[in-house]
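[1] no letters, just coordinates:
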């Protein structure tokens, strides 16, 4: 009883800590442009993207594993914050300094959980970050396409904020969407022409 | 090509419409009490609860189906809004008028999707609402326990707003948590004693 109480106490402490992801603001706004999106609601939206766009996934992709990855993928931002793709002329996202900070955050945040659960969640997050397995590649495609859809809906969003060109959108975003979901990027790129002219 | 384009257009229209769930405010606040929680980030938090508290589920529960249910479960609130459990002395939530409005909302919102997907999502939502299958019963337990944890963290929350008693918490909330996750409710109820004295 004492042992299972400790286990539940650790799990609940993690779930209360996770609440802070709702206060991490992204550069992207809601579709109606009314305010910036937070990383908690963004993670929910991506999980919904995975359920809806399942038939865009390549062979061997498990949508349930993709959903699990997407639910966990941004938790490190509780410590590190969101690093916008187009900020610092596209150089901040994925920099060595950011990656090191995210690793430390993963250690601390997943480390709140019971050990075997911490290891399982951490492994799923590492798999997402590495973007090598079919599940992770598809999850990354969704993480890149959702902000494009938000920007299209709001009339520019971060493309306007950061003076993004069609070429930068292709190299920073389009390539990664196309890697996991080529037909999806074809469809979305076509819709971006009205903004990029 | 034209047909798959139509399909993707319908799916994307649904995903943009779903964004509005991030603007539906709940009575419950964030754990730090800084603002009211919205139903989009709430849905993400519940999906995380399901992953973390999987070992509280009874036999035969599929956590992946529970996660899918929780991702979809509040979408009807885009049209209907959130109806707090403790509002109108506990009588508003689940009233015939609210249920009818939620059904109409499900028809409209899931109806944006391609037909076979609309039917599958609608069926999962109906299963959640009926709270009869093991998956739905466990999903409902999580939907009831998360606001309790938010209220504990913020020092009262909706219990203070609506003058809730320990007996009302037990009958409106505890019974439903215990139905799908009895040990979880035992643990959480014990923590609520410091508030209800």
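    Great, that's in hand. This structure is a prediction, so every number in the text was calculated from the model and none was measured. Numbers count the residues shown, from 1 in each chain, chains lettered A, B, ... in the order given.

[2] how far does the longest helix anywhere in chain A sit from its chain's centre?
    For chain A, the helix that runs over the most residues, judged by DSSP state H, is helix A:134-154. Chain-centre distance of helix A:134-154: 8 Å, with Cα atoms, centre = their mean, to the nearest Å.

[3] packing partners for it?
    strand A:25-29, helix A:39-52, helix A:63-72, helix A:115-130, helix A:158-161, helix A:175-180, helix A:182-196, helix B:2-18 (3 or more Cβ pairs under 8 Å, 6 or more residues apart in numbering or on different chains; DSSP states H and E). From N, CA and C alone the C-beta is placed, and that goes for glycine too.

[4] nearest to residue B:130, of the ones you listed?
    Comparing these by their distance to residue B:130 (Cβ to Cβ), the top pick is helix A:39-52, with 20.1 Å.

[5] now the closest one against helix A:182-196, angle please.
    Compare the direction of helix A:39-52 with that of helix A:182-196 by axes from the mean of the first three to the mean of the last three Cα atoms, to 10 degrees and you get 130 degrees.

[6] just say which of the helices and strands packed on helix A:134-154 is most tucked in.
    helix A:39-52 (a mean of 26; mean count of other Cβ atoms under 10 Å in any protein chain shown).

[7] in space, not sequence, find me the middle residue of chain A.
    The centroid of chain A falls nearest to residue A:143 when counting by Cα atoms, centre = their mean (4.5 Å).

[8] which residues touch the spatially closest residue to that residue that is not a sequence neighbour?
    Closest residue to residue A:143 apart from its sequence neighbours, by Cβ to Cβ, 6 or more residues apart in numbering or on different chains: residue A:46 at 6.0 Å. For residue A:46, the contacting residues are A:70, A:73, A:139, A:142, A:143, A:146, by Cβ atoms under 8 Å, 6 or more residues apart in numbering or on different chains.

[9] and the second one, how many neighbours?
    Counted by other Cβ atoms under 10 Å in any protein chain shown, the residues lying close to residue A:73 total 23.

[10] residues in contact with it?
    A:43, A:46, A:125, A:128, A:139, A:143.

[11] repeat that for 7 Å
    With contacts defined as Cβ atoms under 7 Å, 6 or more residues apart in numbering or on different chains, the neighbours of residue A:73 are A:43, A:125, A:128, A:139, A:143.

[12] just the last one next, same as before
    When contacts are counted by Cβ under 7 Å, 6+ apart, residue A:146 is found next to A:45, A:46, A:49.

[13] what's the distance between the second one and residue B:192?
    In other words, residue A:46. Separation of residue A:46 from residue B:192 (Cβ to Cβ, to the nearest Å): 33 Å.

[14] what does chain A put close to chain B?
    A:5, A:8, A:11-12, A:14-16, A:18-19, A:22-23, A:30-31, A:38, A:40-41, A:43-45, A:47-49, A:51-53, A:64, A:67-68, A:71, A:149, A:153, A:187 (Cβ under 7 Å from any Cβ of the partner chain).
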